[in-house]
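>>> Fold the following for me, if possible:
(2 chains)
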Amino acid sequence: MTAAQHGDALALDQLLDELAPYVRRLCARIAPAVADDATQEALLAVFRGLPSLQAPEALVTWVRAVTVRTAMRLARRADREVAAADPAAESHASSLEGLVDIGDALARLPLPQRVVLVLRAREGLSEQEIAATLGISAGTVKSRLYRARAAFREVWDS
Amino acid sequence: MNHQLEQAGIDPVDRLTVLAAALPGAAVRQRRIAAPYDAVWPVIADLEHFAPRYEPGVARMHVTERHGERLHLLVGYTNGREEPMEARLRAGWCLMQSATVVVAFAARPLGGQTLLAHLEHLRTGAPAPEPTRSRHRRAAHAKIDQELDTIERLATHDRD
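Reported below is the predicted structural model:
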């Protein structure tokens, strides 16, 4: 890690091997419609920021935060573009046609609810870790999780 | 996408862009080469035979050890200096590093042609201040463009 931070390209290459699958998985779960772009943008942000990372032992936490924020930004942008192209389009949560699996059901939740549920149920993070990742309070995480679970059940049971 | 080329969930050309983001001052160019991937990549992968032909400062390159993707190289420069390098070489990805330089190639098929990206980075010294830095960048890009020209020629009709 220290070698990578000091511009050792082979160490950076190795680090990319280790981080890319995790970054891709998070992006695919949070921003499935734009997972490729989100993965590339998140990795660029991570590798640009590596030399200035003060606490290398916190690498995974930092990579997670950068990735989640990048994926959310691109997912919002994609949602805006879809809405602008077709203002009559149904929201994800209410569009149930073709629902095939849990990932599909998650993808149909509103973004803020999808993110907390992905981080809690699929990535196994605690409410405190989710709060730190998203830069919100633990109380907000708790209430979003409550609404997300209810919305997921609604989507799944339909 | 060719799965053989997609390592650790990232396309090689995208991978090169990410690597460059962590190497301030790195010069990167990419180009569509008018030859299929199967003709272009062997030019990159056969380091001993082809590197001295497209890299103007290199007189010879020898693979001294090979363990799977990992290679140890000895590079002889045209000024007589020799330098060991470490490398990682696999389909669509070649990364070489010495104490002084980083050189990388990434390629993927693009229709019947090839998208080839090339990075060069000097590891020594702090980045020069502007406007010297811009001048160095322009010179580095011109050098890489010339190398890509040569690689295209080698891949299309000048193999021997």
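
>>> Would you mind naming what in chain B lies close to chain A?
Contact residues, chain B versus chain A (C-beta under 8 Å from any C-beta of the partner chain): B:7-10, B:14-15, B:17-19, B:21-24, B:86, B:88, B:95, B:97, B:102, B:104, B:121, B:123. Backbone N, C-alpha and C define where each C-beta goes, glycine included.

>>> buried subset of those?
B:7-10, B:14-15, B:17-19, B:21-23, B:86, B:88, B:95, B:97, B:102, B:104, B:121, B:123 (16 or more other C-beta atoms under 10 Å in any protein chain shown).

>>> Identify the residues contacting residue A:71.
Applying C-beta atoms under 8 Å, 6 or more residues apart in numbering or on different chains to residue A:71 gives the contacts A:26-27, A:30-31, A:38, A:42.

>>> redo that, cut-off 6 Å
By C-beta atoms under 6 Å, 6 or more residues apart in numbering or on different chains, the contact list for residue A:71 reads A:27, A:30-31, A:38.

>>> Return the per-residue confidence for it.
For residue A:71, the pLDDT comes out at 97.

>>> separation between it and residue A:52?
As judged by C-beta to C-beta, to the nearest Å, residue A:71 and residue A:52 stand 22 Å apart.

>>> biggest separation within the contacts of residue A:71, which pair?
Greatest spatial distance in these: A:30 and A:38, 7.5 Å, computed using C-beta to C-beta.

>>> Tell me where chain A has helices.
A:2-5, A:9-30, A:35-49, A:59-85, A:102-107, A:111-117, A:127-134, A:138-157 (DSSP state H).

>>> Show me what the last one is in contact with.
In this case it means helix A:138-157. A:93, A:105, A:108-109, A:112-113, A:116-117, A:120, A:127-128, A:130-131.

>>> got it, and the third one?
Surrounding helix A:35-49, the residues in contact under the criterion C-beta under 6 Å, 6+ apart are A:23-24, A:27-28, A:31, A:63, A:66-67, A:70-71, A:74, B:14, B:18, B:21-22.

>>> what inclination does it have with respect to helix A:59-85?
140 degrees (axes from the mean of the first three to the mean of the last three C-alpha atoms, to 10 degrees).

>>> Please, where are all the helices along chain B?
In chain B, the helices defined using DSSP H lie at B:12-21, B:37-45, B:47-54, B:132-156.

>>> Check those helices for me and report the most buried one.
Highest mean neighbour count of the helices of chain B: helix B:12-21, a mean of 22 (counted as mean count of other C-beta atoms under 10 Å in any protein chain shown).

>>> Start and end of stretch A:1-15, how far apart?
End-to-end span of stretch A:1-15 (C-alpha to C-alpha, to the nearest Å): 8 Å.

>>> do it and chain B meet?
Yes. Remark: stretch A:1-15 sits within contact range of chain B at A:7, A:9-10, A:12-13, by C-beta under 6 Å from any C-beta of the partner chain.

>>> Tabulate the residues you listed (a markdown table), appending distance to residue B:34, neighbour count and pLDDT.
Converted to a markdown table, those look like this (distance: C-beta to C-beta, whole Å; neighbours: other C-beta atoms under 10 Å in any protein chain shown; pLDDT from 0 to 100):
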| residue | distance to residue B:34 | neighbour count | pLDDT |
| --- | --- | --- | --- |
| A:7 | 34 | 19 | 86 |
| A:9 | 29 | 26 | 96 |
| A:10 | 32 | 17 | 97 |
| A:12 | 31 | 25 | 96 |
| A:13 | 29 | 20 | 96 |
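
>>> Contact partners for the closest residue to residue B:110 other than its chain neighbours?
Leaving aside its sequence neighbours, residue B:110 sits nearest to residue B:32 (C-beta to C-beta, 6 or more residues apart in numbering or on different chains; 5.9 Å). If you count contacts by C-beta under 6 Å, 6+ apart, residue B:32 has them with B:110, B:113, B:115.

>>> By neighbours, which of those residues wins?
Comparing the contacts of residue B:32 by number of neighbours (other C-beta atoms under 10 Å in any protein chain shown), residue B:115 comes first, having 20 neighbours.

>>> Cool, thanks, talk later.
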